[in-house]
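K.L.:
Mind looking at a prediction? Sequence and model below.
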Amino acid sequence: MVNRARVALDLDAIFAALAHPIRRAIIEQLSGGDATVSELAEPHKVSLPAISKHLRVLEGAGLLRVEPEGRVRRCQIDAAPLSAVFGWLTRYRVLWDDRFARLAKHLEDQK
Amino acid sequence: MESQTSNEKELRIVRVFDAPRERVWKAWTDPEQVKSWWGPRSFTAPFAKIDLRVGGKYLYCMRSSDGKDYWSTGVFREIVPLQRIVATDSFADEKGNVVPATHYGMSPDLPLEFVITVTFEEYQGKTRLTLTHKGFPSGRDSEMAPQAWNESFDKLAETLE
């Protein structure tokens, strides 16, 4: 949940990653839910390789996870590093979000 | 939050779970079930003990992927079966003694005791769960965040020079 040393090291990468309007837009888009690479590219007038490059920057900063799903790649925001930059409220929100995701899965598995 | 006289902040999260209320209540109050979801991503929850009565205590342990244990405890203040739980929430040692957040290397700003309220409502055959987590210090984590921000702004300034 809290790892100070790592947080300090990651900050530069996080800020650099957020220092581009398209990457901020991607983070915002992913806050609403997972998306594929082409879904993420859609609102922007740039090529897929250009979007992929932005995604790699976000991934490198630990803000994004990309998982192959058949032939497409599905992207998911990882809010944990962001939460470290912000206050306790955000950090605990991430904690509870994680727990609730687990709880939902637990209830699903019980069926 | 607005009604509080102190500077404290609260966190409020509403989530709908696709399961009947009884099952969500059970998942929250049966220690064996708590162990399967209490640990956030990349954590496990190897220990959970619950004495579900007003004045009773709980003790949970979360274990990080690198094996560090974070214990938490609290006292139930209010229990309305299938509807509502109010409990305190504190950092603890493995014996269940309350410890300050600094015990785990966290900010001294964090209180010794949070108050967590969970309500369970039936909602179209599903369960709407509302969690409030009260007692957060106002402002950012004063020990760490400003420093972190400053460091990164310094770096940013350097790159812009």
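P.N.:
Good, I have the coordinates. Note that the structure is predicted; figures quoted are calculated from it, not measured. Numbering: from 1, shown residues only, chains lettered A, B, ... in the order given.

K.L.:
Spatially, which residue comes closest to the residue in chain A that chain B sits nearest to, not counting chain neighbours?
P.N.:
The nearest approach of chain A to chain B comes at residue A:98, 3.3 Å away (Cβ to the nearest Cβ). Placement of C-beta: from N, CA and C, glycine included. Distance criterion Cβ to Cβ, 6 or more residues apart in numbering or on different chains; nearest residue to residue A:98, sequence neighbours excluded, is residue B:40 at 3.3 Å.

K.L.:
same question, residue A:37
P.N.:
residue A:73 (5.0 Å).

K.L.:
before we move on, back to that, so for the helix or strand harbouring the residue of chain A closest to chain B, mean pLDDT?
P.N.:
In this structure, residue A:98 sits in helix A:88-110 according to DSSP states H and E. Across helix A:88-110, pLDDT averages out at 87.

K.L.:
Stretch B:66-74 too?
P.N.:
Mean predicted confidence for stretch B:66-74 is 94.

K.L.:
Surely residue B:16 is in a helix?
P.N.:
No. Using DSSP: H, G, I helix; E, B strand; the rest coil, the assignment for residue B:16 is strand, not a helix.

K.L.:
Point out where chain B drops to low pLDDT.
P.N.:
B:1-7, B:138-161 (pLDDT under 70).

K.L.:
Where do the strands of chain B begin and end?
P.N.:
B:9-17, B:44-50, B:57-63, B:69-80, B:84-92, B:114-123, B:126-136 (DSSP state E).

K.L.:
Over to chain A?
P.N.:
Under DSSP E, chain A gives strands at A:35-36, A:64-69, A:72-77.

K.L.:
which residues make contact with the first one from outside it?
P.N.:
It stands for strand A:35-36. For strand A:35-36, contacts defined as Cβ atoms under 8 Å, 6 or more residues apart in numbering or on different chains pick out A:29, A:69, A:72, A:73, A:74, A:75.

K.L.:
again, but for stretch A:100-111
P.N.:
By Cβ under 8 Å, 6+ apart, stretch A:100-111 touches B:13, B:15, B:17-19, B:23-24, B:27, B:33, B:36-41, B:129.

K.L.:
Pick out the most distant pair among those residues.
P.N.:
For these, the maximum inter-member distance is 22.4 Å, found between B:23 and B:41 (Cβ to Cβ).

K.L.:
how many other residues sit next to the closest residue to chain A within chain B?
P.N.:
Here chain B gets closest to chain A at one residue, residue B:40, 3.3 Å apart by Cβ to the nearest Cβ. By the criterion of other Cβ atoms under 10 Å in any protein chain shown, residue B:40 has 21 neighbours.

K.L.:
Among the contacts of stretch A:100-111, name the buried ones.
P.N.:
B:13, B:15, B:17, B:19, B:23-24, B:27, B:33, B:36-40, B:129 (16 or more other Cβ atoms under 10 Å in any protein chain shown).

K.L.:
In a markdown table: the residues you listed, plus distance to residue A:48.
P.N.:
Below are these laid out as a markdown table (distance: Cβ to Cβ, whole Å):
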| residue | distance to residue A:48 |
| --- | --- |
| B:13 | 35 |
| B:15 | 34 |
| B:17 | 37 |
| B:19 | 39 |
| B:23 | 43 |
| B:24 | 42 |
| B:27 | 42 |
| B:33 | 44 |
| B:36 | 39 |
| B:37 | 37 |
| B:38 | 40 |
| B:39 | 37 |
| B:40 | 33 |
| B:129 | 39 |
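
K.L.:
Any idea what the most centrally placed residue in chain A is bridged to?
P.N.:
Taking Cα atoms, centre = their mean, the centroid of chain A lies closest to residue A:77, which sits 1.9 Å from it. When assigned by DSSP bridges, residue A:77 has beta-bridge partners residue A:64.

K.L.:
What of residue A:69?
P.N.:
Assigned bridge partners for residue A:69, using DSSP bridges, are residue A:72.

K.L.:
What pLDDT is listed against it?
P.N.:
82.

K.L.:
That one and residue A:103: what is the separation?
P.N.:
24 Å (Cβ to Cβ, to the nearest Å).

K.L.:
Can you list the low-confidence ranges for chain A?
P.N.:
Short version for chain A, where the test is pLDDT under 70: A:1-11, A:32, A:80, A:83-87.

K.L.:
quick one on the thing from earlier: neighbour count winner among residue A:69 and residue A:103?
P.N.:
Set residue A:69 next to residue A:103 and count neighbours by other Cβ under 10 Å: residue A:103 wins out with 23 against 10.
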